[in-house]
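Asker: one predicted model, sequence on top.
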Amino acid sequence: MANIEPVQIVEVDIDYCTLTYGTGLCTAVLGTTGVRKCFNTFGTCQAKAAFDKGTKTLKFITPTASVPKNDTYFPALTSVSAFSTSVNIGGANPTLGALGKRGKVSVSLKDFAYHDRYLDKYQPERVSGTAQTDEGGYDPATRGSFFTKLKSRFPFYAGRSLRVVDGYVDGGVFTELQTRNFIITNMVGPDDSGNVRIEAKDVLTLAEKKSATAPIASRGELLTDVDVGLVSFDLTPAGIGANYPASGTAVVGSEVVTYTRSVDTITFTGRAQYNTEEKEHKAGDTFQECIVYTNQLINEVVEDLLTNYTDIPASFFPTADWAEEVQRWAPTLRLDTVIAEPTSVADLLGELAVLGVSIWWDDVNQKIRIAVTKPIDLNQTTYNLTDDANIKKISQEDRDEDRLTQIHFYTVQADPTAGLKDKSNYDRIRVTVDVEAEQENSYNDTRIREIFCRWLNLGNDTSTRLRTIRLLNKLNASPKHFKIKLDAKDIAISLTDVLYVESRVITDDTGKPIPTYLEVTQKTEPVAGHEVDITAQAYLYEGNYGYIMANTANTYGSATDLEKETGAYISDTAGVIFTDDPYIII
């Protein structure tokens, strides 16, 4: 009988040219373009214009594990750090960061001597000496080590894919159970003891890169001075106009303008736009393209930012899921803004959190997820957890430092070129106060959170009112967070999942346990595949919520159970018709 052995594998993708040195499209010539043949990486390429990027995957496994058959594995893996990731649900936690904390992992490996047969297409020629002109043949296994050679040949590892694969080997056959996907951020070592560490974060890290800005920094400059009243001028350097659209919106200094373009010639179609002032500008001033969003849905803005201003592959964008979520729960929330200077995409996405939007990386399903803060949906999976059946350990923490009594929400940005957090740059402020919480017999203090929102320049007062009320209702008492340790069978639980928890630490004033809905904000696996640590917060919406139905739906008296569960019925007097709890309107 075959032995089934749990196995963890770390996979690293490196860019590897599909061409053969000096053959076909490759124009490299030994002795002319270089004294030795390349190693099929861009760092060693001698004909970079012809480089044809493919992928070679390095698979690392622990030396004690049963090695799967029919593939190449390197027994160099010593450990994989605890995995942890978090999400700031609806922007409720100001200390967490608007996009939460990036999921990250640290992989420890041991360096080793290596003969290069898997990595070097021309390894036999290195031995014979026909792959180089500066020396005769040599034995690659006696030169350097696996990781010293890898880092020299492949210096551009940052941003490449790393996967942590959990599974088992049975009779030499590997079966995958779960794969987590990351982006490499750093490779440390090898040190003099041969220790190597590869650090990686989740895919949203690519939205935090310095180059991931929206708009992209423009490089065109004014060729001549532009006076007040001037209609047309040229950009420099010559040909830079090709980097601008045929028409658009731009900013020069602190003046926003609209324009059309022909080659390098700019013609203004409007000056002093968006409450800015028409001014004189000097030769050499930057002509910076702006981004204008008008009456856009949240999912449309997120898709545009990720698609056009980051290197994140579009395969990670479940746009149909995003549209379905937003159309169901935020169809009237329309975004309107002008982004006048290059701004981190991560910061822009994070700004949307205050509108009740959560954005996070689903590392197992390899998707970026969007969720609108909402009541529990009928189609939403809920995990039932109890002290007896699931919970190995649970504790409660009241975070009084996060408690609020007032929210000051600033909207309708007056000048898109002025400071984002400048109070004088907003035309509207909504102040929402929990008077009872500030009273002497309650908390007897004032806690204010100021929110500056550039995205509601249409003056969407309804969205502002609802957002401030919901956020204050969530934070007007010390927010409760729960830390729960679960067994391996519950590892499927992920960020934003809903838990229905019945535990001795959650009771009413008589000490009776109260089943409570919680929402997962952080997940950590100290030992992958064995235990999972969950941090969860109280669910925002508790009660009987319903969804407005079509006029053709049944009346309450003849409604099906499904219609009562998913729909909403309104009575002029609470409890007159309803046999269960009345519906709550949000």
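Answerer: Received, thanks.
Asker: when you work out contacts or count neighbours from here on, use the C-alpha atoms and nothing else.
Answerer: Fine.
Asker: what sits up against stretch 17-27?
Answerer: 28-30, 37-38, 40-42, 47, 50-55 (CA atoms under 8 Å, 6 or more residues apart in numbering).
Asker: what residues does the lengthiest helix in the chain touch?
Answerer: Counting residues, the longest helix found in the chain (DSSP state H) is helix 461-475. Identification of contacts with helix 461-475 by CA under 8 Å, 6+ apart yields 92, 333, 354-356, 402-407, 409, 430, 432, 434, 540, 586.
Asker: buried subset of those residues, written for PyMOL?
Answerer: Buried residues within those, by 16 or more other CA atoms under 10 Å, are selected in PyMOL with:
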select buried, resi 92+333+354+355+356+402+403+404+405+406+407+409+432+434+540
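Asker: now, which of the contacts of helix 461-475 lie within strands?
Answerer: When DSSP state E is applied, the contacts of helix 461-475 are split such that 406-407, 409, 430, 432 fall in strands.
Asker: between those residues, which sits nearest D304?
Answerer: F409 (25.8 Å; CA to CA).
Asker: and the gap between the closest residue to V169 other than its chain neighbours and V165?
Answerer: Of all residues not flanking V169 in the chain, E5 sits nearest, at 5.3 Å (CA to CA, 6 or more residues apart in numbering). Using CA to CA, to the nearest Å, E5 is found at 14 Å from V165.
Asker: which one of these two has more residues nearby?
Answerer: More crowded of E5 and V165, by other CA atoms under 10 Å: V165, with 21 against 15.
Asker: the more buried one - that's part of a strand, no?
Answerer: Yes: with DSSP: H, G, I helix; E, B strand; the rest coil as the criterion, V165 is part of a strand.
Asker: quick one: contacts for it?
Answerer: Neighbours of V165 in contact, by CA under 8 Å, 6+ apart: 8-11, 176-180.
Asker: can you give me the helices for the stretch 451-586 of the chain?
Answerer: Applying DSSP state H, counting those that start in this stretch to the stretch 451-586 of the chain gives helices spanning 461-475, 561-566.
Asker: equivalent analysis for the stretch 151-300 of the chain, please.
Answerer: 298-309.
Asker: which parts of it are strands?
Answerer: 161-170, 173-188, 195-201, 213-214, 221-222, 232-236, 247-252, 255-262, 265-273, 288-289, 291-296 (DSSP state E, counting those that start in this stretch).
Asker: so what touches the fifth one?
Answerer: Taking CA under 8 Å, 6+ apart as the criterion, the residues outside strand 221-222 that touch it are 233-237, 282-287.
Asker: which pair of those spans the longest distance?
Answerer: P237 and K282 (15.2 Å).
Asker: now the ones in strands among the contacts of helix 461-475 in JSON lines, with distance to D508 and pLDDT?
Answerer: Formatted as JSON lines, those follow (distance: CA to CA, whole Å; pLDDT from 0 to 100):
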{"residue": "Q406", "distance to D508": "27", "pLDDT": "88"}
{"residue": "I407", "distance to D508": "29", "pLDDT": "85"}
{"residue": "F409", "distance to D508": "34", "pLDDT": "87"}
{"residue": "R430", "distance to D508": "35", "pLDDT": "88"}
{"residue": "T432", "distance to D508": "29", "pLDDT": "87"}
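Asker: chain neighbours aside, what residue packs nearest to R117?
Answerer: Q123 (5.9 Å).
Asker: just want the phi and psi numbers for the one you found.
Answerer: phi -60, psi -40 (degrees, to the nearest 10).
Asker: before we move on, the earlier item: neighbour-wise, give me the winner out of the contacts of strand 221-222.
Answerer: The residue in these with the most neighbours, by other CA under 10 Å, is L235 (24 neighbours).
Asker: run through the bridge partners of it.
Answerer: Beta-bridge pairing of L235 under DSSP bridges involves L222.
Asker: most remote residue from the middle of the chain, which is it?
Answerer: G136 (50.5 Å; CA atoms, centre = their mean).
Asker: can you tell me the SS state at L352?
Answerer: Per three-state DSSP, L352 ends up helix.
Asker: which residue is nearest the centroid of the chain?
Answerer: L204 (3.3 Å).
Asker: secondary structure element for the residue lying closest to it once chain neighbours are set aside?
Answerer: Of all residues not flanking L204 in the chain, W361 sits nearest, at 6.5 Å (CA to CA, 6+ apart). Secondary structure from DSSP states H and E places W361 in strand 357-362.
Asker: angle of that strand against strand 173-188?
Answerer: 110 degrees (axes from the mean of the first three to the mean of the last three CA atoms, to 10 degrees).
Asker: helix or strand right after strand 357-362?
Answerer: strand 367-372.
Asker: which SSE is immediately downstream of that following strand?
Answerer: Counting by DSSP H and E, what follows strand 367-372 is strand 382-386.
Asker: for that following strand, which outside residues touch it?
Answerer: So strand 382-386 is in contact with 391, 493, 497-503, going by CA under 8 Å, 6+ apart.
Asker: mind doing that once more with 10 Å?
Answerer: Strand 382-386 is contacted by residues 376, 390-392, 484, 486, 490, 492-493, 497-504, 515-519 when judged by CA atoms under 10 Å, 6 or more residues apart in numbering.
Asker: quick one, what contacts the closest residue to T85 other than its chain neighbours?
Answerer: Nearest non-adjacent residue to T85, counting by CA to CA, 6+ apart: G103, 3.9 Å away. If a contact means CA under 10 Å, 6+ apart, then G103 has 83-87, 181-182, 200-205, 360-363, 522-524 as its contacts.
Asker: just to revisit the earlier point, give me the buried positions along the helix or strand harbouring the residue nearest to V169.
Answerer: Taking DSSP H and E as the criterion, E5 maps to strand 4-17. If you call a residue buried by 16+ other CA under 10 Å, then strand 4-17 has these buried ones: 6-17.
Asker: where's S66 relative to D170, distance?
Answerer: In this view, S66 and D170 are 9 Å apart by CA to CA.
Asker: which neighbours do those two share?
Answerer: 3-6.
Asker: most tightly packed of the helices of the stretch 451-586 of the chain?
Answerer: helix 461-475 (a mean of 17; mean count of other CA atoms under 10 Å).
Asker: can I get that one as PDB, trimmed to CA atoms?
Answerer: Output of helix 461-475 as PDB, limited to C-alpha atoms (Å, rounded to 0.1, in the frame of the first residue of the first chain):
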ATOM      1  CA  ASP A 461     -26.100  63.700  -0.700                       C
ATOM      2  CA  THR A 462     -28.000  60.500  -0.300                       C
ATOM      3  CA  SER A 463     -24.900  58.400  -0.600                       C
ATOM      4  CA  THR A 464     -23.100  60.700   1.800                       C
ATOM      5  CA  ARG A 465     -25.800  60.500   4.400                       C
ATOM      6  CA  LEU A 466     -26.200  56.700   4.200                       C
ATOM      7  CA  ARG A 467     -22.400  56.200   4.400                       C
ATOM      8  CA  THR A 468     -21.900  58.400   7.500                       C
ATOM      9  CA  ILE A 469     -24.900  56.900   9.300                       C
ATOM     10  CA  ARG A 470     -23.800  53.300   8.600                       C
ATOM     11  CA  LEU A 471     -20.200  54.000   9.600                       C
ATOM     12  CA  LEU A 472     -21.200  55.800  12.800                       C
ATOM     13  CA  ASN A 473     -23.600  53.000  13.700                       C
ATOM     14  CA  LYS A 474     -20.800  50.600  13.400                       C
ATOM     15  CA  LEU A 475     -18.300  52.600  15.400                       C
END
